[in-house]
Each structure stands twice: as C-alpha cells, then as structure tokens.
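> model the structure of this input:
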Amino acid sequence: MTENEKIDFKNDIKNYVKRIYSLILEDYKDILSNKSKEIIMNFNYEEDIVIDDGGMFSKGPGRWESSTKKLHLSPDLFNETVYKKGMEIEVKHIPIDGIMNKLNKSYEEKFTGEELANLVRQKKLTYLDVTKGIVIHEIFHSIIHMKTPEEIFSINYGGKYYDCRGVKGELMDEGLVEYYARKFANKHNLFIFPSIPYQENVEYAKIIEKKIGKNTTKLIFNGNYKTVLNCIHDPEFLEKYHILENDWLKSRIIERLKTAQLKNNIYEFQENEKLDVA
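From the prediction side, this is the model:
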C-alpha cells in the first residue's frame, strides 16, 4: 500500500471500529465489565489503530494487544497468506455468518479456505473488505479476557524449557471470541471473514455455553478461563479440556517460536527465557 492508500484505509477502518464499539455498547451495556467499558471509552481512534508488519510473533493480519489496548492490523500479511500459501492447510467447510450481499450468498452456503482466498484473487473482496471481516474478532478480544496475563505455561522445545507468560486460557479465549464475533456479525448483518483455524475452538465454545446455560454471556464478559471452568461441574469434560489445552498451546507456541526465529535469523533461544507470546 502507498502512504495515501494507508491513510484512506485507516480512516475507513477507524469509522468502522467506531460503529462496532457503538453497537457493542448498545447490545451489552448491562453486562460489560467496568474494565471493558473503560477500554471502549478510552480507545483513541487516531492512535490506537496501528498499521504494521505483524511483529516478531506474527499471528496473522490482525491482533488486539492487551498490554497497550491497541488494535494492530497488518493487511500485507493477509496478502502473503492468500497469495503465497493459498490457505491450503484449511480445506474443511464452515458456514460464514453475515456474508456481504454483494457476494450473492445465502447464510446456508459454505466455502473452503481456498475458496475464500479466491474471492480476494477475483477482487470480489478487497483489502478493506477482508480487514473489516477480521476486525470484529479482534475487537471482541478487547471485551472477552479468558487468558491470565501473569500465569506461566512451560514447554519443552528443542530439548530446552521455556516459560511462556500470558497464554493460559487461550484455547477458550479464541473460541469464545470467534463465536461471539460471528453471532454479533450475524445479528447486525455485518461481513465477517471467519477465522478458519479456530473452528474447533468455536465448537468447544458452544459446548461451554450449553453446559453453563443461564447468564453465560455475563460470566464470559466478566471472568477468565478459570472462573468459567469453575462453573462447569463435569469432571470428565474438565479433564479433557486441560489435556486439549496443553497440547494446543504447545503446538501453537512452537509455531510462533519458529516464526520468530525465521524473521530474525535466530536459531536458538535462551533456556528458561520468559517469552511473552500472547
């Protein structure tokens, strides 16, 4: 993107984020935590929307940075994902909620990851369309906080141990964020570019919602993964959850470490280094 294109892009996104936050305040005004309300009210639309290259531990074209309360967008990374990788690793079908009318698709129709990539190649979806499609997910990260920032998760990578801070609860976090983002988009007839790698997490989020039942949303908007699990009285489910989360986190963190190594030509991390890869 040229500098002028970036300015136009950011202005469009700024107005879109304002709209999303306005709708969130309207939909959830009675159950949002004080922390979330403060984040929304103090969000600086000029300074807190950052266009960058994705960072060392890049996880894709969009991310909410909880430590700084900033929305980071890296549209060039989406270009890289679509055109260089073709999203070939994700081929299972999932429904798209709130798909744009211009695509002439009904809610019942489905796409593969490759088909979604083709929509961009064919210019049926633009950079701005796709970025708007992922923004809702990232914004919901600012009001759903399942991860525990100071908790340490240790993994063995390459025969060495690493302490990773701020990742516990991420399995549930990504599932609930994506699930609520899709429901929100569907309600307001907004386009959402589904986060295909989190489809399994979304199915898990649906199970959690069923097991908790009444007041699920209020609990999720005001707690973390521990407070949610404390409301589920199913020993077998809880045991399976902890096993699944440990395996999921190990795989996810190792992929991030590999990405960081490639970006910086670093071939070895210091043992027991505290890695902030949240």
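> please name the nearest non-neighbouring residue to Tyr21.
Spatially, and ignoring its direct neighbours in sequence, Tyr21 is nearest to Ile40 (5.2 Å; Cβ to Cβ, 6 or more residues apart in numbering). For the C-beta atoms, the positions are set from N, CA and C on the backbone; glycine is no exception.
> confirm Lys250 sits in a helix?
Yes - assessed by DSSP: H, G, I helix; E, B strand; the rest coil, Lys250 belongs to a helix.
> just to revisit the earlier point, now for the residue nearest to Tyr21, how many residues are close by?
When neighbours are counted by other Cβ atoms under 10 Å, Ile40 registers 18.
> now do Asn11
12.
> buried residues in the host helix or strand of it, which are they?
Per DSSP states H and E: Asn11 is located in helix 3-28. Judged by neighbour count using 16 or more other Cβ atoms under 10 Å, the buried positions of helix 3-28 are 9-10, 13, 16-17, 20-21, 24, 28.
> tell me the contacts of the closest residue to Lys70 other than its chain neighbours?
Among residues not flanking Lys70 along the chain, Asp48 sits closest, at 4.7 Å (Cβ to Cβ, 6+ apart). Going by Cβ atoms under 8 Å, 6 or more residues apart in numbering, Asp48 touches 68-71.
> mind giving me the PyMOL select for these, buried ones only?
If you want just the buried ones from those in PyMOL, going by 16+ other Cβ under 10 Å, the selection is:
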select buried, resi 70+71
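> helices - which of the contacts of Asp48 land there?
Secondary structure assignment by DSSP state H places none of the contacts of Asp48 in helices.
> closest one to Val228 out of the contacts of Asp48, please.
The closest of those to Val228 turns out to be Lys69 (Cβ to Cβ; 22.6 Å).
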